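> Kindly return the folded structure for what I paste below:
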Amino acid sequence: MNTHHAGQHAPGCYEIRLQGRLDRRWSTWFDGMTVTTRSDPAGALTILRGHVVDQAALHGLLARLRDIGLPLISIIRVEPDTELGHGIAGEENDR
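A predicted model of the protein is given here:
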């Protein structure tokens with residue numbers, strides 16, 4: 001078993017994709033993460049993107065998402081300047 005987890009408590013930028021729609025006003029509940037939505041062939045897609053201070057904060061964020069009940073599609077750690085959500089900002093909706 002590998003017990004060395006270098007940087008596991010370091011801050012990072014994450015992109016979380018959910019099936020369903022959340023308004024941008026939820027960003028306050030998610031520690032200021034950017035909340036965008038877009039239509040997808042399978043339905044609405046919500047993307048949360050932003051800075052997370054450590055792994056404990058990330059687990060807290062995931063617990064809040066669990067409580068909302070939207071299915072989790074993916075979560076990835078990204079570079080702060082990476083444009084993984086390219087094309088999404090222009091498709092924001094607040095329904």
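> Next secondary structure element downstream of the lowest-mean-pLDDT helix or strand in the chain?
Among the secondary structure pieces of the chain, namely its helices and strands, strand 34-40 has the lowest mean (mean pLDDT, DSSP states H and E), a mean of 88. Read in the C-terminal direction, the helix or strand following strand 34-40 is strand 43-52, with elements assigned using DSSP states H and E.
> before we move on, back to that, which helices and strands does the least confident helix or strand of the chain pack with?
Counting contacts by 3 or more Cβ pairs under 8 Å, 6 or more residues apart in numbering; DSSP states H and E, strand 34-40 packs against strand 43-52. In short, each C-beta sits where N, CA and C put it, glycine included.
> Can you show me the strands along this structure?
With DSSP state E as the definition, the chain shows strands at residue ranges 12-19, 34-40, 43-52, 72-78.
> mean pLDDT lowest for which of the ones you listed?
Mean pLDDT is lowest for strand 34-40 among the strands of the chain, at a mean of 88.
> Just the buried residues of that strand, please?
With burial defined by 16 or more other Cβ atoms under 10 Å, the residues of strand 34-40 counted as buried are Thr34, Val35, Thr36, Thr37, Arg38.
> Please identify which of these is nearest to Thr46.
Distance to Thr46 across these (Cβ to Cβ) is lowest for Thr37, with 5.1 Å.
> re the thing from before, adding distance to Arg77, write the buried residues of strand 34-40 out as a markdown table.
Putting the buried residues of strand 34-40 into a markdown table (distance: Cβ to Cβ, whole Å) gives the following:
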| residue | distance to Arg77 |
| --- | --- |
| Thr34 | 16 |
| Val35 | 18 |
| Thr36 | 18 |
| Thr37 | 22 |
| Arg38 | 21 |
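> Determine which two of those are furthest apart.
By the measure Cβ to Cβ, those have their two most distant members at Thr34 and Arg38, which lie 13.0 Å apart.
> Residues in contact with both of these two, list them for me.
Residues touching both Thr34 and Arg38 (Cβ atoms under 8 Å, 6 or more residues apart in numbering): Ile47.
> Could you tell me the angle between the least confident helix or strand of the chain and strand 72-78?
130 degrees (axes from the mean of the first three to the mean of the last three Cα atoms, to 10 degrees).
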